[in-house]
Each structure stands twice: as C-alpha cells, then as structure tokens.
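[1] Structure for the following, please:
(chains A and B)
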2 protein chains.
Amino acid sequence: MGDIMTERGLLIVLSGPSGVGKGTVRQAIFENEDNNFEYSISMTTRNKRAGEVDATDYFFRTRAEFETLIENGGLLEYAEYVGNYYGTPLSYVEETLASGKDVFLEIEVQGALQVREKMPEGVFIFLTPPDLVELKSRIVGRGTDEMSVIEERMKKAVEEIEMMRLYDYAVVNDEVENAVRNIKQIIESEHLKVSRVLHRYKKMIEEL
Amino acid sequence: MGDIMTERGLLIVLSGPSGVGKGTVRQAIFENEDNNFEYSISMTTRNKRAGEVDATDYFFRTRAEFETLIENGGLLEYAEYVGNYYGTPLSYVEETLASGKDVFLEIEVQGALQVREKMPEGVFIFLTPPDLVELKSRIVGRGTDEMSVIEERMKKAVEEIEMMRLYDYAVVNDEVENAVRNIKQIIESEHLKVSRVLHRYKKMIEEL
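    Next up, the predicted model:
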C-alpha cells in the first residue's frame, strides 16, 4: 500500500461442472474472514424466498429491469434457468476492482466463458471432481432420477469438463479444505505476478 | 499419482539483484524437508575449499572439462567470475525433471536469462528488495568499500532490477519467512495450471 496509484483488484472466477460442489467450496472460502476479496452478489428475476434479503442474497429485479440491463451491456454474464434470469452486474464488479479489492465470482461454466471474453485478465479457476466415476456417483446420488436424465447430466458434465482448457487453473475438489487452501494459494500467487507489480519498481527506480 | 505417464517436474529459477539475499532464502527453503524438489548442484572450476565435498557442494571440474561441456552444450547456464567458471549441468536438470521431480535453481540474473532462453517453460521468480534505498544500504553495509565501487554496484543492481520484466513472479524479501512462504505458494499454484493437468482429464474422459 502507500502507493499513490491504487492497484486494481483481481477478478477471480470459480467455476466447474454441475455437481462438483462449487457452492460448498465458495461458502467455505467466505466462512473464514481473513479474505481480502468481495463476493459478487448475483442479480435475479426469481421471486424472493422467505428470509432472503435484497442486495445480500441477490439483487432482486423485475424481468423488465433485467432486460434493460442486458440491452445496455450492464451484465458481466447472465443466463436463463427455468424461466428466470440470473446474472452478474458489471457495475459492482468494476467499482470493486477499481477500489483495489479482489472480486470473487462463483458461476456456471457458460457464464464463466462470457466473463472470459469481457475480462480476459481475470483468474479462472476450474473446480474438478477427483475422477469422473466419482462425479457420476454424485450425479446419480442426487435422487431417484431416471437413467435418461442421469445420462443427460453426465453428457453435460463431460462437455463442461472439456471446457477446462479455457481456464487458468484446475483445483481438485477431493476435500473441501484442500480445495479452499489451493484456491487461496492461487490468489496470493497471482498477486505476485511481475505484470502486476512492475510499475511499482519502475517508480522506485525513477525516484532513486 | 498412479498415472501411467510420469508428469514432468517443474523447473523453478530463483534469481534477483546482487545483495538481495537469494542464498539466505534458498537455504531457508531447503532447511525444511517437506519439499518435493531437488536443489541443482552447480559445477565450478574453482579449487575445493576445506570441508567441501564433490557432488554435494559443487561438481568440481578442471577448466578443460568445463570448456568441453560448454562446447557440447552440456550447461544450462554458465558464467566466469574472478577467473573461474560456474554453471548448471544440463544432464542433472533434465534427468530430474524427467523423473517427475521439480528442480530448484538459485542463480545470478545473467544465468537466469540463459535458462529462460533454453527452458522458457520454467517458473522464473525474481527476489526483490523491499525498496531500493534498503538495497543501497545493504550494498553499502557490506564493508568499507570506496564510493566508486558502491556506485558501480548500485548501477548494476538497478540494471538487474530492470530485468524483472523478464520473470514470471516478483517476491519481496522483506522477511525471509515471508519470501519462503510466497515462493512455496507459487510452486504449488504452478502445479495447478490447467496446461499441466489437462492431459490427465482427457485420459479420464476417454476411459469413461
């Protein structure tokens, strides 16, 4: 710190195939309060459930409001699930990064690809199952779904895993605490990239 | 593990300007035995000192032997200081990486640039002083050298710091334990790069 220029925060994107446990890992990261990054609150058009608070759980918006944001490029990424929109408001992400804080997104693979196009400088972390047999058992274990549903989900999971190549890091979700530790290490290391700190040293040399 | 294919180890290069404390940091890293990487022993033509052991402290070689290695491309990097050669034998580095172990080099900036050309896939870490005023005081504090000598060293240090841009990471040597922790985090994160693990997942998908 102490610099005249505030260093821009890092955008951290955690994603991975359906059923891999992204939400659990994200919750574990934010349980510990030693973080120096902000969780990006999503925006949705779905109805508020009992106990949910606007601007804490989600930014709750009408369909018309959401579609206006889409038209004006106000969303970093969005998707429609079961008739409702879900997305990440760009303004919050931009303001937080500009203030020097890191922003943490936990989103679906399709959303992550949209973010990659708009903010390629982000740190993209792919959460993976220890092995695909295990992933299959998690998908099957979810309930009493029909085989055709399960097979469809497996097909989607394999397609999503193949998207790993578009990410920077792959973290195995064997144990939640291992995944959390690895993600934190990645974030700390990314802050040490020469491309991030070089300007500081140039300034010191000029002042010598 | 358990893979049929052994994953190639990482080449880790620690360097930085003269007087920054590279040797102290490297020693601290290797004091702790939880490392999964091998320190690359240098080769030299200087005389063995009392207590030094060949193939432990250095590989001691004659000038003729060393020059033959240079001619045959057997050195990853080398330099001449005060009439003696110092260098890194390529065969040891290659064999260790191929066996799946990481190799750790602690070398001068000029040597690191030679390594960058031959093994650009290595992880290049630049150890920096907390600030240049502090570096100056370390250089001055070394002894009772004349001002012209000190100024020459400072000029060299500034030139070396400007080489930071050719590295991947910059680690500040404010406290040795901080530097060690950061270097270890970088190494662990580098092992999580998608480019390193993608082939494993491709194999899993094929086998499903």
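
[2] What's the per-residue pLDDT of residue A:146 here?
    Predicted confidence (pLDDT) for residue A:146: 80.

[3] Next, count neighbours for the one residue in chain A that gets nearest to chain B.
    Using CB to the nearest CB, the single residue of chain A nearest to chain B is residue A:189, 4.0 Å away. Any C-beta I mention is one placed from the backbone N, CA and C, and that applies to glycine too. Residues near residue A:189, counting by other CB atoms under 10 Å in any protein chain shown, number 24.

[4] list the contacts for it?
    B:169, B:182, B:185-186, B:189-190 (CB atoms under 8 Å, 6 or more residues apart in numbering or on different chains).

[5] Pull the number of nearby residues for the nearest residue to residue A:90 once chain neighbours are set aside.
    Of all residues beyond its chain neighbours, the one nearest residue A:90 is residue A:76 (4.7 Å), with distances taken as CB to CB, 6 or more residues apart in numbering or on different chains. By other CB under 10 Å, the residues close to residue A:76 number 26.

[6] quick one: residue A:76 is in a strand?
    Yes - counting by DSSP: H, G, I helix; E, B strand; the rest coil, residue A:76 is located in a strand.

[7] Residue A:36 and residue B:199, how far apart?
    34 Å (CB to CB, to the nearest Å).

[8] Same question for the lowest-mean-pLDDT helix or strand in chain A: list its buried residues.
    Counting by mean pLDDT, DSSP states H and E, the weakest-scoring helix or strand in chain A turns out to be helix A:132-140, with a mean of 73. Buried residues in helix A:132-140, counted by 16 or more other CB atoms under 10 Å in any protein chain shown: A:132, A:135-136, A:138-139.

[9] Equivalent analysis for stretch A:51-64, please.
    A:58-61.

[10] re the thing from before, farthest pair in the contacts of residue A:189?
    B:182 and B:190 (12.6 Å; CB to CB).

[11] Let's see the pLDDT reported for the closest residue to residue A:84 other than its chain neighbours.
    By the measure of CB to CB, 6+ apart, the closest residue to residue A:84 outside its immediate chain neighbours is residue A:46, 4.0 Å from it. Here, the pLDDT recorded for residue A:46 equals 95.

[12] same deal with residue A:161?
    For residue A:161, pLDDT reads 81.

[13] cool, and residue A:206?
    77.

[14] Helix, strand, or coil at it?
    Residue A:206 is classified as helix under three-state DSSP.

[15] and what of residue A:86?
    strand.

[16] The nearest residue to it once chain neighbours are set aside pairs with what?
    Of all residues not flanking residue A:86 in the chain, residue A:44 sits nearest, at 5.0 Å (CB to CB, 6+ apart). On the basis of DSSP bridges, residue A:44 is bridged to residue A:60, residue A:86.

[17] same deal with residue A:78?
    residue A:87.

[18] Make sure it is actually in contact with residue A:70.
    Yes - with contact defined as CB atoms under 8 Å, residue A:78 counts as touching residue A:70 (6.4 Å).

[19] so what sits against both of those two?
    In contact with both residue A:78 and residue A:70: A:85, A:87, using CB under 8 Å, 6+ apart.

[20] who's more crowded, those two?
    Shown here are residue A:78 and residue A:70; by other CB under 10 Å, residue A:78 has more neighbours (21 against 12).

[21] Local confidence estimate at that one?
    For residue A:78, pLDDT reads 96.

[22] so what's it up against?
    Residue A:78 neighbours (CB under 8 Å, 6+ apart): A:43, A:66, A:70, A:85-88, A:111, A:114.

[23] again with residue A:56
    residue A:41.
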